[in-house]
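Visitor: what follows is a predicted structure for the sequence shown.
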Amino acid sequence: MSIGMIDTGRIEAMVAQLKATAARANPALEKPQQATQPTGAVDFQSVLKSSLDQVNQTQMQAQGMGERFALGDTTVSLSDTMIAMQKSSIALQQTVQVRNKLVAAYQEIMNMNV
């Protein structure tokens, strides 16, 4: 499922990878009946870069539409420009929230006793 420009499947894959890493660091947390491996191999760095590139593309598109509207381009309407700006704002807010969750998960992992 995709919310805005960020694919939630990728975020869930990142969270699963973080949980798998935490389980490897502390085997007592791992449940023997449940496999902790994500279904597909996901490279955290590529997923994060892809998501950030999508947010950047959304912001660049909104900025370009805003500039074209300000310069008097008749092919760009005010409503389209405002919608693009709101989408880019929401995508940035969502990225900040994901970053906050990742930082909190990282701090939790770093505070684990090994």
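Guide: Noted; the coordinates are in hand. Numbering: from 1, shown residues only.

Visitor: T58: how many residues sit nearby?
Guide: T58 has 22 neighbouring residues, counting by other C-beta atoms under 10 Å. (C-beta placed from N, C-alpha, C; glycine too.)

Visitor: same thing with R68?
Guide: Other residues close to R68 by other C-beta under 10 Å number 14.

Visitor: what about it, distance to T81?
Guide: To T81, R68 is 8 Å away according to C-beta to C-beta, to the nearest Å.

Visitor: repeat that for A105.
Guide: Distance from A105 to T81, by C-beta to C-beta: 37 Å.

Visitor: repeat for Q94
Guide: For Q94, the distance to T81 - C-beta to C-beta - is 21 Å.

Visitor: same check, this time on A104
Guide: Distance from A104 to T81, by C-beta to C-beta: 35 Å.

Visitor: between those two, which one's more packed in?
Guide: T81 (19 against 10).

Visitor: got the buried residues for the longest helix seen in the chain?
Guide: If you go by DSSP state H, the chain has its longest helix at helix 78-110. For helix 78-110, the neighbour count (16 or more other C-beta atoms under 10 Å) marks 81, 84-85, 87-88, 90-91, 94-95, 98, 102, 105 as buried.

Visitor: try stretch 12-24
Guide: 13-14, 16-19, 22-23.

Visitor: CA atoms only for that stretch, dumped as CSV, please.
Guide: What follows is stretch 12-24, C-alpha atoms only, in CSV (Å, rounded to 0.1, in the frame of the first residue of the first chain):
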residue,chain,number,x,y,z
GLU,A,12,7.2,-2.4,7.0
ALA,A,13,10.2,-4.2,5.5
MET,A,14,12.6,-1.8,7.3
VAL,A,15,10.8,-2.4,10.6
ALA,A,16,10.9,-6.2,10.1
GLN,A,17,14.7,-5.9,9.3
LEU,A,18,15.2,-3.9,12.5
LYS,A,19,13.2,-6.4,14.6
ALA,A,20,15.3,-9.3,13.0
THR,A,21,18.5,-7.4,14.0
ALA,A,22,17.2,-6.9,17.5
ALA,A,23,16.3,-10.6,17.8
ARG,A,24,19.8,-11.6,16.6
